[in-house]
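Asker: give me the fold of what follows.
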Amino acid sequence: MNDRRQLIRWYINKEAKLKLEDMDKPFLCIVEDINMRGVKIYARQQLVEKGDISMNMDLGSDLVFDIKAAVAWHRCLGAGYVYGLYFTKVKDADKERLYHYIVDCCSEQIRKHSWKVDIS
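Answerer: Purely as a prediction, here's the structure:
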């Protein structure tokens, strides 16, 4: 697979809950990495691969984001799926909270990249 990312992925490897717009209950997933433009998740839930997916992403500690995302790529992995999602719509207030989350959660990784990096 050709890597076309323009931003660094920040590895967080955290459990999260995703609730899709058309679902009654959230499902668990693992957020492996994240940046301001997207996220890589592992989930047992299969996602629709065409168009925007409206979802509620709960990273814990009162960090809940209402976002729209689209599937950039996916693959099957054992009993689940790996998805690369890119954000198509994030509220400005959530962008600010997501930025601070990345800085707080990934400060050690950011320090290792002492060269100038744009994480936004």
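
Asker: what ranges does this structure have for its helices?
Answerer: 92-105, 107-112 (DSSP state H).

Asker: same list (these) but as a markdown table, adding distance to F27.
Answerer: Where you see a C-beta, it was placed from the backbone N, CA and C, and this is true even at glycine. Below are the helices of the chain laid out as a markdown table (distance: least, Cβ to Cβ, whole Å):
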| stretch | distance to F27 |
| --- | --- |
| helix 92-105 | 20 |
| helix 107-112 | 27 |
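
Asker: name the stretch among those helices that sits most buried.
Answerer: helix 92-105 (a mean of 14; mean count of other Cβ atoms under 10 Å).

Asker: could you give the separation of that one from the chain centroid?
Answerer: Its chain's C-alpha centre and that of helix 92-105 lie 12 Å apart, by Cα atoms, centre = their mean, to the nearest Å.

Asker: and stretch 85-92, by the same measure?
Answerer: 10 Å.

Asker: tell me what the most centrally placed residue in the chain is bridged to.
Answerer: For the chain, the residue nearest the mean C-alpha position is V39 (2.6 Å; Cα atoms, centre = their mean). Note on V39: beta-bridge partners by DSSP bridges are I34, L85.

Asker: what sits against it?
Answerer: 31, 33, 57, 69, 84-85, 87 (Cβ atoms under 8 Å, 6 or more residues apart in numbering).

Asker: nearest to M23 among the residues you listed?
Answerer: Distance to M23 across the contacts of V39 (Cβ to Cβ) is lowest for M57, with 13.0 Å.

Asker: please name the nearest non-neighbouring residue to the closest one.
Answerer: Leaving aside its chain neighbours, M57 sits nearest to F65 (4.8 Å; criterion: Cβ to Cβ, 6 or more residues apart in numbering).

Asker: neighbours of the one you found, how many?
Answerer: 19 (other Cβ atoms under 10 Å).
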